[in-house]
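Q: quick one: sequence and predicted model below, then my questions.
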Amino acid sequence: MGRQAHQRTHADRLLPAAVVLLLVLSVVPHRWLVPNAWIGGLVELVSAPVAQPLRAIGGWLAPAKLGAAEPAEIAQLRRQIDEYKTLYERAKSRNNDLLRQMEQLRLMVELNPSVSTRLLYAPVIGAGSDPSNAQLLIRAGTRQGVHTNDVVAVEGVQLFGAVIDASNRTSWIRPITAKSQGFIQGLVMIGDGRGITCSLRPVGDGTLRGDAAYDPEDPDATTQIKVGQLVRLDDGEWSAGAQMLVLGTVEAVEPAPDSPLRPVVIVRPTVALERVTEVIIRVSEMPGDERDRSTGGTP
């Protein structure tokens, strides 16, 4: 006798149950499924012997289209040529990197030739968890002569910040754009070697913002501040090795809310400091006491 339409067998319920099971497993944490990973290995073990003959048959039915085979000696020489080309391009890239580093070091030495410092390259290997402070971890520490308050730069003369904590092999560095940095005194270079003092403070968006100082001897100087002008560090709280390093360029000039005639300068570093992969540390060669006095404490 035939089965009635409203009657369901176990086979009819199998597909919906499998669907529900798959939906549940899709939201289950991965660590709960680890003990059941052996099932996948078992399926692979069973299917592999079957898949291999099928793959061989497929290759026999539809063989790959190959040209005339070249002699083994020619093939070996071709592989050697490719290997030497790879070695050449690798050496060329390394040579370009060394030339770039030498140029950056030359610029830093020329900027402060009288300062007794040793320039040290260090890779960035980590970052802090607070995006507004963007502190970075570098692979260089007291073992390489790095100490707290040593000046850090990138791309030659762009000031990054300073070392705030140094351990044996690693150090934490803080960028000038970190909100915990505080005020920084800079000079907007308006030309002819002249500069306008400005008191800048990081605002948390990667820029520095502050008022330009009024000079009674040159009252029209602030009107010469333009977008794109270079801004350099001129702050006695920082060490001599940091003076005149670049803070950035003028991104915008706005009137102060309480005094429209006094400009507010917005400065952005020439490099995205939170994304750098390598920095240059100006390791002080002075004894510890003299180093502390020259930096005036924490920059």
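A: Now that the structure is in, tell me what you want to look at.
Q: please enumerate the strands of the stretch 101-250 of the chain.
A: 117-127, 136-138, 151-154, 158-166, 171-175, 184-191, 194-202, 208-212, 230-233, 246-255 (DSSP state E, counting those that start in this stretch).
Q: buried deepest among these, which one?
A: When the strands of the stretch 101-250 of the chain are scored by mean count of other C-beta atoms under 10 Å, the highest mean neighbour count falls to strand 151-154 (a mean of 26). Yep, even glycine has a C-beta here, placed from its N, CA and C like the rest.
Q: list the contacts of that strand.
A: 108, 117, 159-163, 173, 238-239, 241-242, 245, 271, 273, 276, 278-282, 299 (C-beta atoms under 8 Å, 6 or more residues apart in numbering).
Q: if we go to 6 Å?
A: 159-162, 173, 239, 241-242, 271, 276, 279-282 (C-beta atoms under 6 Å, 6 or more residues apart in numbering).
Q: so which of those residues is the closest to T249?
A: Within the contacts of strand 151-154, the smallest distance to T249 is 11.0 Å, found for V271 (C-beta to C-beta).
Q: can you tell me the SS state at that closest one?
A: coil (DSSP: H, G, I helix; E, B strand; the rest coil).
Q: distance of it from F160?
A: Distance from V271 to F160, counting by C-beta to C-beta, to the nearest Å: 8 Å.
Q: next, count neighbours for V24.
A: 9 (other C-beta atoms under 10 Å).
Q: could you look up the SS state of it?
A: Of the three states, V24 takes helix under three-state DSSP.
Q: rewinding a little: could the contacts of strand 151-154 go into a markdown table alongside pLDDT and distance to G204?
A: Formatted as a markdown table, the contacts of strand 151-154 follow (pLDDT from 0 to 100; distance: C-beta to C-beta, whole Å):
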| residue | pLDDT | distance to G204 |
| --- | --- | --- |
| L159 | 93 | 18 |
| F160 | 94 | 17 |
| G161 | 94 | 15 |
| A162 | 93 | 19 |
| I173 | 94 | 18 |
| S239 | 84 | 26 |
| G241 | 79 | 27 |
| A242 | 84 | 22 |
| V271 | 90 | 18 |
| V276 | 90 | 18 |
| V279 | 92 | 21 |
| I280 | 89 | 25 |
| I281 | 90 | 25 |
| R282 | 85 | 26 |
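Q: need the residues you listed in a markdown table (columns: distance to Q181).
A: Shown next, in a markdown table, are the contacts of strand 151-154 (distance: C-beta to C-beta, whole Å):
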| residue | distance to Q181 |
| --- | --- |
| L159 | 11 |
| F160 | 11 |
| G161 | 7 |
| A162 | 9 |
| I173 | 12 |
| S239 | 15 |
| G241 | 18 |
| A242 | 13 |
| V271 | 16 |
| V276 | 16 |
| V279 | 16 |
| I280 | 19 |
| I281 | 18 |
| R282 | 18 |
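Q: quick check: beta-bridge partners of P255?
A: Taking DSSP bridges as the rule, P255 bridges to P263.
Q: pLDDT wise, what is it at?
A: On the pLDDT scale, P255 is placed at 84.
Q: a markdown table for the strands of the stretch 101-250 of the chain, including distance to V265?
A: Shown next, in a markdown table, are those (distance: least, C-beta to C-beta, whole Å):
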| stretch | distance to V265 |
| --- | --- |
| strand 117-127 | 28 |
| strand 136-138 | 26 |
| strand 151-154 | 22 |
| strand 158-166 | 16 |
| strand 171-175 | 19 |
| strand 184-191 | 6 |
| strand 194-202 | 5 |
| strand 208-212 | 5 |
| strand 230-233 | 8 |
| strand 246-255 | 6 |
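Q: between those, which one is closest to P29.
A: strand 117-127 (27.4 Å).
Q: who touches the closest one?
A: With contact meaning C-beta under 6 Å, 6+ apart, strand 117-127 is reached by 105, 136-140, 241, 277-285.
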